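Chemist: what's the 3D shape of this:
(chains A and B)
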Amino acid sequence: MAQQMDIPPHLRRLGGTPSLRTYLASIWSRRHFAWSVARGEIRTQHLDTALGNLWHLINPLLLIGVYYLVFGLILGTDRGVDNFVAFLGIGIFTFNYTQKAILSGGRTLASNVGLIRSLQFPRALLPMSSVLRETMAFASAAVVMIAVVLFTGEPITWRWVLVLPAFALAAVFSLGFAFIAARLADKFRDLLNVLPFLFRIAFYLSGVLYSVEAFLDDPAILRIMLANPFYVYVSLPREYLMVSLDQDAIGWMWLSGVAWAAGGLIVGLLVFRGGEHEYGRG
Amino acid sequence: MEPEVDTRGLDDATVVLDGVHVTYRVYEDRRPRLREVFAQRGHRPSYREIKAVRGVDLVARQGESIGLIGHNGSGKSTLMQAVAGLLPVTAGAVYASSQPSLLGVSAALQPNASGRRNIVLGGLALGMTRAEIDERMDEVIRFTGLADSIDLPLRTYSSGMRARLHFAIATSVEPEILLIDEALSVGDEAFRRRSGRRIKELRRRAGTIFLVSHSMESIIDTCSRCIWLDHGELRADGHPKAVVEQYRASIEEE
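Modeler: Numbers count the residues shown, from 1 in each chain, chains lettered A, B, ... in the order given. The predicted structure is shown next:
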């Protein structure tokens, strides 16, 4: 029928991959939606517990306690680190943030099927709101982290300011990989069961619980570590929050951190946009 | 009655469906028998392909309200989701003059958030600004008639209350194309009247409405045209009374 008829210009074809420009524009015009979803979820997360939002602070404290007990006291991985509690705290918090952001971003299409099937909006807003939510949750964990760092005797210096761009890079990196995880998990649901184990491996390989420099002497391996984004994002905040720690190759870390963040975001957005019209098939 | 060939142009068309097919996969909840596993070595699909919509052509025009009837599983809801651009079409194309908005009963926005927050979220997702939403908030709440429970979480709402809220959200942006999938059937008499009035308003502003319903009375009352879907294919298209009669006759034959 319509093949013989010319489609007049006021009719627009629905579905398909939007151009990058219109996609970005529609994301921008609805950015408050992502913000609003994220804020609402934070508020209702612990609504039914007695301690409520205090859990955002208690959780990380308990976590540091457990890891300090097992790795610091029992296994003794604190070799080469004077202030192991602060070292551990920064490492765990930063790593957990990127892990949670990427995982929840990956799950977001499956967990918001109701929204996807009832409203038309750029789907990229969903991973964005997940990452935003984890970032807001991380902000309260960061208060605990700073308290731990101060409490264990690190002085406040002007270098603390540099922690902010370091975290910002970790956030952008997480968003990019949340996009990728979301697209892949939409196609292969099984991925969501595999991802936590991959993060577990990354957790042990990225020097969260031990100082890579104290345990590895081979400079070649240290150079390879600089290509590991998790190692980089965990080490940068340590560098600036801890006077007692001495790390090498900070310039290379920044370079690697910027490259992973920028590359991840661009590739992630393109990958995610490519599946825009497929999401919600269930 | 065969579907008529529409010879008019597309100047006042709001939605054009061009040979739309929608096929989706449903995973079977069934264990493969041992024999099947061995008989078909390698890839054995454990899902079934459901051809929910098979080749539908349709032109909807300004000011039309089109009823969709058909048996359960005839593809009505699937077709609506495809028109809304929420379900990808397998073949063919959907053209629309603006983004259609779909009202369905199953749609749960954010179950843990309050009705008020859902109005905000829905409005933002539909492209309204925060200021516009705040401006219309009171009117939307009044329309839902849920002033008492607007700050309770959505999961505590009954299906009728949810339908009211969703209808109010979707029509607050004054969509040009509105798809209503059974969403009105769960509402009570008062809400049905109010929503009926709003539908008429939308039509007067040259909007187009699709209404899926199993209530033949409401189709005849509110629609100017009716479409009968049968196993994913267009069986009839015409005046509501005539199509409904035809549909009823076919049911009695069975």
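Chemist: the closest residue to chain B within the stretch 51-200 of chain A and residue B:55: what is the separation?
Modeler: Using C-beta to the nearest C-beta, the closest approach of the stretch 51-200 of chain A to chain B is made by residue A:118 at 3.3 Å. For every residue, glycine as well, the C-beta is placed using N, CA and C. For residue A:118, the distance to residue B:55 (C-beta to C-beta, to the nearest Å) stands at 26 Å.
Chemist: residue A:66 too?
Modeler: Where residue B:55 is concerned, residue A:66 sits at a distance of 60 Å (C-beta to C-beta).
Chemist: the more surrounded of the two?
Modeler: A count of neighbours by other C-beta atoms under 10 Å in any protein chain shown puts residue B:55 above the other of residue A:66 and residue B:55, at 15 against 11.
Chemist: three-state assignment of the more buried one?
Modeler: For residue B:55, the assignment made with DSSP: H, G, I helix; E, B strand; the rest coil gives strand.
Chemist: need the contact list for the residue lying closest to it once chain neighbours are set aside.
Modeler: Of all residues not flanking residue B:55 in the chain, residue B:19 sits nearest, at 5.3 Å (C-beta to C-beta, 6 or more residues apart in numbering or on different chains). Residues in contact with residue B:19, defined by C-beta atoms under 8 Å, 6 or more residues apart in numbering or on different chains, are A:1, B:55, B:56, B:57, B:91, B:92, B:93.
Chemist: let's see if you can find the most crowded of the residues you listed.
Modeler: Neighbour-wise, the contacts of residue B:19 (other C-beta under 10 Å) top out at residue B:56, 24 neighbours.
Chemist: contact partners for that one?
Modeler: With C-beta under 8 Å, 6+ apart, residue B:56 has these contacts: B:17, B:19, B:20, B:79, B:92, B:229, B:232, B:233, B:234.
Chemist: would you turn the residues you listed into TSV with pLDDT?
Modeler: Converted to TSV, these look like this (pLDDT from 0 to 100):
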residue	pLDDT
B:17	93
B:19	91
B:20	92
B:79	92
B:92	90
B:229	94
B:232	92
B:233	93
B:234	93
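Chemist: where in the stretch 51-200 of chain A is pLDDT low?
Modeler: A:51-53 (pLDDT under 70).
Chemist: can you pull out the helices in the chain?
Modeler: If you meant another chain, say so; for now it's chain A. Counting by DSSP state H, chain A has helices at residues A:20-29, A:31-45, A:55-67, A:84-111, A:113-118, A:125-151, A:163-187, A:191-205, A:212-215, A:219-225, A:229-241, A:250-274.
Chemist: wrong one, I was asking about chain B
Modeler: B:34-39, B:76-83, B:115-125, B:130-144, B:159-172, B:189-204, B:216-222, B:240-253.
Chemist: report the contact partners of the spatially most central residue of chain A.
Modeler: Centroid check for chain A by C-alpha atoms, centre = their mean gives residue A:98 as the closest residue, at 2.7 Å. Residues in contact with residue A:98, defined by C-beta under 8 Å, 6+ apart, are A:170, A:173, A:174, A:230, A:233.
Chemist: what do you get for residue B:114?
Modeler: Contacts of residue B:114 by C-beta under 8 Å, 6+ apart are B:150, B:151, B:152, B:153, B:154.
Chemist: show the pLDDT at it.
Modeler: pLDDT recorded at residue B:114 is 86.
Chemist: residue B:243 contacts residue B:226, correct?
Modeler: Yes. With contacts counted by C-beta atoms under 8 Å, residue B:243 reaches residue B:226, the gap being 4.0 Å.
Chemist: list the residues that contact both of these two?
Modeler: Common neighbours of residue B:243 and residue B:226 (C-beta under 8 Å, 6+ apart) are B:67, B:69, B:236, B:237.
Chemist: surely the third one is in contact with residue B:227?
Modeler: Read it as residue B:236. Yes. Look at residue B:236 against residue B:227 with C-beta under 8 Å: they come within range, at 7.2 Å.
Chemist: quick one, which of the two is more surrounded?
Modeler: Each of residue B:236 and residue B:227 has its neighbours counted (other C-beta under 10 Å); residue B:227 has more, 26 against 22.
Chemist: what bridges to that one?
Modeler: residue B:68, residue B:237 (DSSP bridges).
Chemist: do you know how far it is from residue B:234?
Modeler: 6 Å.
Chemist: same question, residue B:225
Modeler: In terms of C-beta to C-beta, residue B:225 sits 12 Å off from residue B:234.
Chemist: who wins for most neighbours among the contacts of residue B:114?
Modeler: residue B:154 (20 neighbours).
Chemist: model confidence for the nearest residue to it once chain neighbours are set aside, exactly?
Modeler: Using C-beta to C-beta, 6+ apart and skipping residues adjacent in sequence, the residue nearest residue B:154 is residue B:111, 5.1 Å away. Per-residue pLDDT puts residue B:111 at 78.
Chemist: and for residue A:191, the neighbour number?
Modeler: Residue A:191, neighbours per other C-beta under 10 Å, totals 14.
Chemist: cool, and residue A:210?
Modeler: 22.
Chemist: quick one, what contacts it?
Modeler: Shown in contact with residue A:210 (C-beta under 8 Å, 6+ apart): A:71, A:77, A:78, A:79.
Chemist: can you report how many residues lie near residue 18?
Modeler: Since you didn't name a chain, this refers to chain A. Neighbours of residue A:18 using other C-beta under 10 Å come to 15.
Chemist: sorry, should have said chain B
Modeler: By the criterion of other C-beta under 10 Å, residue B:18 has 21 neighbours.
Chemist: report the separation between it and residue B:95.
Modeler: From residue B:18 to residue B:95 the distance is 7 Å (C-beta to C-beta).
Chemist: so in terms of bridging, what pairs with residue B:103?
Modeler: residue B:180.
Chemist: meant to ask about residue B:17, not that
Modeler: The partner residues for residue B:17, given DSSP bridges, come to residue B:58, residue B:94.
Chemist: test my guess that it contacts residue B:100.
Modeler: No. If you go by C-beta under 8 Å, residue B:17 and residue B:100 don't touch, sitting 11.6 Å apart.
Chemist: common neighbours of these two, please.
Modeler: residue B:83.
Chemist: spit out the contact partners of residue 91.
Modeler: Reading this off chain A. A:207, A:208, A:209, A:234, A:238.
Chemist: actually chain B
Modeler: Contacts of residue B:91 (C-beta under 8 Å, 6+ apart): B:19, B:20, B:21.
Chemist: do that again at 10 Å, thanks
Modeler: B:18, B:19, B:20, B:21, B:22, B:23, B:53, B:54, B:55 (C-beta atoms under 10 Å, 6 or more residues apart in numbering or on different chains).
Chemist: how about the residues of the stretch 101-250 of chain B by chain A?
Modeler: B:101-104, B:106-114, B:117-118, B:120-130, B:133, B:153, B:166, B:169-170, B:181 (C-beta under 10 Å from any C-beta of the partner chain).
Chemist: just checking, which helix or strand of chain B averages the lowest pLDDT?
Modeler: Scoring the helices and strands of chain B by mean pLDDT, DSSP states H and E places helix B:34-39 at the bottom, with a mean of 62.
Chemist: need the residues of the stretch 101-250 of chain A near chain B, please.
Modeler: Residues of the stretch 101-250 of chain A lying near chain B (C-beta under 10 Å from any C-beta): A:112-122, A:125, A:189.
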